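Engineer: 3D, please:
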Amino acid sequence: MHFSLRYIFLIQAFSLLTSCEKSEIEEEKIKIEVVHVPSVCTQKSKRGDLVNAHYDGFLATDLSKFYCSRSERDGHPKWFVLGVGQVIKGLDIALMDMCPGEKRKVVIPPSLAYGEQGYVLDKIPPNATLIFEIELYGISKGPRSVEAFQQIDMNNDNQLSKEEISHYLTEEFRKDGKQRAPSEHGRILTDIFKKNDHNNDGIISAKEYNVYRHDEL
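Structural biologist: Numbering: from 1, shown residues only. Okay, here's the model as predicted:
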């Protein structure tokens, strides 16, 4: 897991959960304990939102910690699009309908985690039940929304140039509060165009960007 998950929305293709019915069936298998809810909550997370969260992962068998976002690399909260498979299914479900500032403790069965295969890199054995302690920091419009596209498209020509995306990345790095090496900036920009500029013309069109209206997600 890496800081550049914040920009994964421009690198990966998104796939929505197949149906609301499936989500409801899966959600019954997850145990969710609400630890803290802020006194004021004007927005709740939903599928397609770009969320920012810290989470610690433990094995249910012995409560050993296998992941801590606060200590991983630079200790940044993780950015990802909710409900589209950028994290395990159990986290996608567990983070739904949360307020910024809310904390939850969730128990996720193997079928909604790493299943029979496990995950070698994080030393998660096969058929492992996982426990996560989650704190949601922020919610913003999903990156494939019309609003996000228009924000990046500074000259309003309905396409994104390398200069526009580079400027956007620079501004997002500045918001994060920590400087990044030019090599990291360049790598992210290269990945974005490699995965999204399908006709290799140096421009990402609205069609290539695959714009979704936020309320359709």
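
Engineer: where does Y119 fall, phi/psi-wise?
Structural biologist: Recorded main-chain torsions at Y119 are phi -150, psi 100, according to degrees, to the nearest 10.

Engineer: what about it, how many neighbours?
Structural biologist: By other Cβ atoms under 10 Å, the residues close to Y119 number 17. Quick note: C-beta positions are derived from backbone N, CA and C, even for glycine.

Engineer: shift numbering so it begins at 47
Structural biologist: Sure, I'll start numbering at 47, so the last one becomes Y165.

Engineer: Okay, it and P155: tell me how far apart.
Structural biologist: 15 Å (Cβ to Cβ, to the nearest Å).

Engineer: Distance from stretch 194-208 to the middle of the chain?
Structural biologist: Averaging C-alpha positions (Cα atoms, centre = their mean, to the nearest Å) puts stretch 194-208 22 Å from its chain's average.

Engineer: If you could redo that for stretch 156-163, that was the one I meant.
Structural biologist: Computed by Cα atoms, centre = their mean, the chain-centroid distance of stretch 156-163 equals 19 Å.

Engineer: Flag every buried residue along that stretch.
Structural biologist: P156, L158, A159, Y160 (16 or more other Cβ atoms under 10 Å).

Engineer: Equivalent analysis for stretch 201-212, please.
Structural biologist: Within stretch 201-212, the residues scored as buried using 16+ other Cβ under 10 Å are Q205, L206, S207, E210, I211.

Engineer: Check the residues you listed and tell me the two furthest apart.
Structural biologist: Comparing all pairs in the buried residues of stretch 201-212 by Cβ to Cβ, the longest separation belongs to Q205 and I211, at 10.8 Å.
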